[in-house]
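**Q** here you go, sequence then predicted model.
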Amino acid sequence: MEDTLYSNDGIIEVPRNVHFPNTTAKLVWRNGTIENRNTLVNSFINSANIIEVSDISDFPTPVSGVITLEENTTYKIYGSVDLGVNKLFINSQGSALIGTYRNRDVLKYSGTNELLEIDNVSFGILNLCLKATDLAGKILTANNYTLDNSDYNYGRTEVLDITNCEIRNTTNLWTITGFELVDIANTLIWYISGGTSAGCEFRSIRHLEITSCEVYNWYEEGTSPASNHSLLNQLEIIDNIDATVPVNPTPIGNGVVNINSSIIHPEITQDGLKISPLSTTGFGTLASNTFVDTNLTTGVLANFDYDVQNTYIIQANQGISNGNAKGTMTLTGNSVKLDNSVTNPIVFAEASTVGGGGFTSPIVFPIATRVGTSVANCSFTYNSKIDANFFVTVNATVEQSGNAFITLRLRANGTAITSSVGKVEIKSGVATSVSFSVIGQATLGDVFDIEVESSTNTDVLVSELSLNGYQF
């Protein structure tokens with residue numbers, strides 16, 4: 001009897017003491033093969049429980065609306081499972097939720113809290129569709145940090161994986177705080193509407209990876225974008241954790257952020273990617289993403305300050321500018337000379353003018369990205385934590401009384417860059433144009449300005465000047 005399979009109307013029944021010690025399994029026989037299990041199967045493999053779920057009753061019993069997942073247990077979801085107002089709570093190691101096909105295997109939550117709450121443990125979600133339908137509901141809240149454990153980076157030691165999933169027909173998304181690694185890959189986040197709480201929020205994560213995801217169609221499915229679009233920001237890195245308690249006054253920031261190869265499509269009022277100015281990141285990369293602005297009105301593709309977020313490499317993204325440092329400095333209509341008769345060569349600055357009162361019109365900086373500027377010192381300060389190569393061109397009109405050679409040099413931190421020299425001969429005091437260019441390198445905090453030298457120690461008039469610099 002123990003080795004006999006019983007057939008009844010196309011269903012093969014396997015006695016529970018033959019292959020599945022914990023329950024009876026029913027297998028569908030189709031086209032000469034066993035194709036599909038259609039009832040719960042519990043098994044124990046390599047110290048891990050595997051529980052198949054096709055109904056809420058297959059989960060542990062809810063207590064006051066909370067289903068606490070068991071440790072070292074993988075829950076395999078088959079079909080659409082309605083949790084009602086019962087949320088899943090994860091506070092034991094080794095549990096996971098997986099499906100086989102994200103367009104079919106669904107966890108649906110209609111409560112006002114979150115579908116998933118993850119508390120200081122590692123957790124994985126694979127091949128599932130997640131839905132939270134109440135206006136106050138939310139897909140996920142996850143926390144992994146300990147403020148009094150600064151010795152080990154505030155206890156951020158756990159891993160959260162969301163892979164090959166679909167977030168669809170839901171309202172609010174998630175707030176994820178802390179963790180050693182948050183890895184979101186190949187996941188669709190679409191048809192989001194009605195929420196007022198949070199889009200995809202991330203906070204103070206040691207390593208954040210978002211790869212090959214699609215974030216778009218944030219409005220009610222089956223309607224036009226204008227009819228019920230979400231008012232939430234799509235991807236958002238929010239302000240740092242306040243770490244003033246108990247030992248470290250410095251807020252806990254993000255360690256590494258890498259967002260790549262994804263499609264981000266905000267519409268109407270949504271911001272595609274927002275980074276709070278109160279958020280800091282040690283090393284960041286935004287690369288090879290496609291930002292789409294179709295139907296975008298008052299929202300923006302990327303809402304962050306390139307100068308504040310000066311640790312990010314931002315390259316090769318469709319729709320947003322590369323994060324290269326660049327700057328333009330101009331002086332026009334000047335009639336005040338530099339005081340070369342006292343100091344020669346002399347730095348090109350307001351205090352270096354005859355009488356020290358500055359130029360006829362002040363220096364202006366019409367372009368300044370990832371550079372600090374000083375009107376008084378007529379200088380740029382490189383403001384990026386990413387070492388860079390740069391290209392600079394300088395054009396000026398110079399003159400002085402009598403005949404002489406006038407030389408202009410670009411300086412780095414008070415020292416002339418010997419390869420960057422523009423030299424012109426003045427005859428009979430006639431104004432003459434001079435230009436030169438330079439390729440160099442810059443590190444955070446490097447200061448660049450110009451010095452002017454007269455071969456006869458005579459005051460020099462720089463009546464027109466433009467400097468254009470660009471990181472490459």
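**A** Good, I have the coordinates. Numbers count the residues shown, from 1 in each chain.
**Q** what's the weakest-modelled helix or strand in the chain?
**A** Counting by mean pLDDT, DSSP states H and E, the chain has its least confident helix or strand at strand 25-30, which shows a mean of 38.
**Q** end to end, how far does stretch 196-206 reach?
**A** 27 Å (CA to CA, to the nearest Å).
**Q** and residue 283, what pLDDT?
**A** pLDDT for residue 283: 96.
**Q** go on, residue 189?
**A** In this model, residue 189 is scored at 98, pLDDT.
**Q** correct me if wrong: it contacts residue 172.
**A** No: contact criterion CB atoms under 8 Å: residue 189 and residue 172 do not qualify, at 11.9 Å. Where you see a C-beta, it was placed from the backbone N, CA and C, and this is true even at glycine.
**Q** neighbour-wise, which of those two wins?
**A** Between residue 189 and residue 172, residue 189 has the larger neighbour count (other CB atoms under 10 Å), namely 28 against 25.
**Q** what helix or strand is the more buried one located in?
**A** Assigned by DSSP states H and E, residue 189 falls within strand 188-192.
**Q** right, and the helix or strand after that strand?
**A** strand 200-203.
**Q** show me the domain layout of the protein.
**A** As given by automatic domain parsing, the domain ranges for the chain are 1-39, 41-315, 326-471.
**Q** pick out the shakiest of these, pLDDT-wise.
**A** domain 1-39 (a mean of 40).
**Q** what comes up buried for stretch 117-130?
**A** For stretch 117-130, burial by neighbour count (16 or more other CB atoms under 10 Å) applies to 117-118, 120-130.
**Q** which of the residues you listed fall in helices?
**A** Nothing among the buried residues of stretch 117-130 maps onto helices, per DSSP state H.
**Q** which two among those are spaced furthest apart?
**A** The largest separation in these, counting by CB to CB, is between 120 and 129 at 26.1 Å.
**Q** if we can go back for a sec, tell me which strands and helices the strand holding residue 189 is in contact with?
**A** With contacts taken as 3 or more CB pairs under 8 Å, 6 or more residues apart in numbering; DSSP states H and E, strand 188-192 sits against strand 166-170, strand 214-216.
**Q** redo those as TSV? Include distance to residue 101 and mean neighbour count.
**A** What follows is the helices and strands packed on strand 188-192, written out as TSV (distance: least, CB to CB, whole Å; neighbours: other CB atoms under 10 Å):
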stretch	distance to residue 101	mean neighbour count
strand 166-170	10	22
strand 214-216	17	21
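**Q** and of those, who's closest to residue 393?
**A** With distances scored as CB to CB, the stretch of the helices and strands packed on strand 188-192 nearest to residue 393 is strand 214-216 (39.9 Å).
**Q** thinking again about what came up before, distance to residue 194 for the buried residues of stretch 117-130 - can I get that in a markdown table?
**A** Converted to a markdown table, the buried residues of stretch 117-130 look like this (distance: CB to CB, whole Å):
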| residue | distance to residue 194 |
| --- | --- |
| 117 | 21 |
| 118 | 24 |
| 120 | 30 |
| 121 | 30 |
| 122 | 31 |
| 123 | 27 |
| 124 | 28 |
| 125 | 23 |
| 126 | 27 |
| 127 | 26 |
| 128 | 22 |
| 129 | 18 |
| 130 | 16 |
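**Q** residue 138: which of those residues is nearest?
**A** Of all the buried residues of stretch 117-130, residue 138 sits closest to residue 117, with 9.4 Å by CB to CB.
**Q** just confirm residue 355 is within a helix.
**A** Yes: counting by DSSP: H, G, I helix; E, B strand; the rest coil, residue 355 is found in a helix.
**Q** wait, which of the helices and strands packed on strand 188-192 is closest to residue 447?
**A** Taking CB to CB, strand 214-216 is the member of the helices and strands packed on strand 188-192 nearest to residue 447, at 40.2 Å.
**Q** beyond the closest one, next helix or strand please.
**A** strand 235-237.
**Q** and the next helix or strand past that next one?
**A** Next along from strand 235-237, by DSSP H and E: strand 254-260.
**Q** adjacent strands (with direction) for the following helix or strand past that following strand?
**A** Downstream of strand 254-260, the first helix or strand assigned by DSSP H and E is strand 263-264. Paired strands of strand 263-264, with direction, are strand 214-216 (parallel), strand 290-291 (parallel) (DSSP bridges).
**Q** what about strand 263-264, distance to the chain center?
**A** 12 Å (CA atoms, centre = their mean, to the nearest Å).
**Q** need the contact partners of that strand.
**A** 213-216, 234-235, 272-273, 289-292, 301 (CB atoms under 8 Å, 6 or more residues apart in numbering).
**Q** try 10 Å this time
**A** 188-189, 210, 212-216, 234-235, 270-273, 289-292, 301-302, 317-320 (CB atoms under 10 Å, 6 or more residues apart in numbering).
**Q** partners of the next helix or strand after it in the sheet?
**A** Once the chain leaves strand 263-264, the next helix or strand it forms, by DSSP H and E, is strand 273-275. Using DSSP bridges, strand 273-275 pairs in its sheet with strand 235-237 (parallel), strand 302-303 (parallel).
**Q** is residue 126 in a bridge, and if so with what?
**A** Applying DSSP bridges to residue 126 gives these bridge partners: residue 98, residue 163.
**Q** that one and residue 78, how far apart?
**A** In this view, residue 126 and residue 78 are 14 Å apart by CB to CB, to the nearest Å.
**Q** overlap in contacts, these two.
**A** Common neighbours of residue 126 and residue 78 (criterion: CB under 10 Å, 6+ apart): 99, 100, 105.
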